[in-house]
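S.K.: could you look at this predicted model? Sequence included:
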Amino acid sequence: MLRQRQRQDAHVARNLLADRFGRVGRATRAEHGGGGQSDQFAVPRRRDAEIRAIRTLGADAVGMSTVPEVILARFLGLDVAAVSVITNMAAGMSDEAISHDHTKAMAPLGAAKLARILRRYLRDLNTAGAG
């Protein structure tokens with residue numbers, strides 16, 4: 001019974017966190033897709049067919065480190081929230097030329113946007129906690 005209650009509480013907490021981040025994302029005009037992420041074990045570039053397969057399996061983004069970190073944290077019994085900065089579209093998803101230089105150029109822009117979101121989130125959280 002206790003375990004079921006803990007799962008219910010975790011579900012409520014996840015929904016609250018997602019809702020708060022969603023509101024902050026809209027307020028800061030940052031895209032907030034919310035979705036599933038696939039990990040591709042540090043393979044830097046995917047072929048078009050692989051990207052289509054990953055989408056078919058339900059992933060909205062492909063990362064290189066978040067998923068293993070989440071798996072380990074969950075194994076250790078930790079609750080996890082992850083925010084990813086997406087620096088480029090996958091092969092075949094846009095007309096954009098994919099290169100390491102492009103990714104390096106986009107990363108600081110994503111970091112600035114993430115900093116804006118986190119500052120707003122923490123400010124709103126502090127305000128909500130004070131009331």
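M.R.: Yep, that arrived.

S.K.: mind listing what residue 83 touches?
M.R.: Residue 83 makes contact with 21, 114, 117, 118 under the criterion C-beta atoms under 8 Å, 6 or more residues apart in numbering. C-beta: built from backbone N, CA, C; applies to glycine.

S.K.: if we go to 10 Å?
M.R.: Residue 83 makes contact with 21, 25, 32, 66, 114, 117, 118, 121, according to C-beta atoms under 10 Å, 6 or more residues apart in numbering.

S.K.: my read is residue 98 is in a helix, agree?
M.R.: No: under DSSP: H, G, I helix; E, B strand; the rest coil, residue 98 falls outside any helix and is assigned coil.

S.K.: what about it, neighbour count?
M.R.: Using other C-beta atoms under 10 Å, residue 98 has 17 neighbouring residues.

S.K.: low-confidence ranges in this protein?
M.R.: For the chain, the stretches with pLDDT under 70 are 1-3, 5-15, 28-47, 91-92, 129-131.

S.K.: all strands for it, in order.
M.R.: With DSSP state E, the ranges of strands along the chain come out as 37-39, 61-63.

S.K.: ok, back up a step: in PyMOL, how would I select just the buried ones from the contacts of residue 83?
M.R.: The PyMOL command for the buried members of the contacts of residue 83 (criterion: 16 or more other C-beta atoms under 10 Å) is given here:
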select buried, resi 21+25+66+117+121
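
S.K.: need the contacts of residue 83 in CSV with distance to residue 52, can you?
M.R.: Shown next, in CSV, are those (distance: C-beta to C-beta, whole Å):
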residue, distance to residue 52
21, 28
25, 27
32, 24
66, 21
114, 28
117, 30
118, 33
121, 34
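
S.K.: do a quick rundown of the helices in the protein.
M.R.: Using DSSP state H, the helices found in the chain span residues 2-27, 48-56, 66-75, 100-130.

S.K.: in a markdown table: those helices, plus distance to residue 84.
M.R.: Putting those into a markdown table (distance: least, C-beta to C-beta, whole Å) gives the following:
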| stretch | distance to residue 84 |
| --- | --- |
| helix 2-27 | 12 |
| helix 48-56 | 15 |
| helix 66-75 | 6 |
| helix 100-130 | 9 |
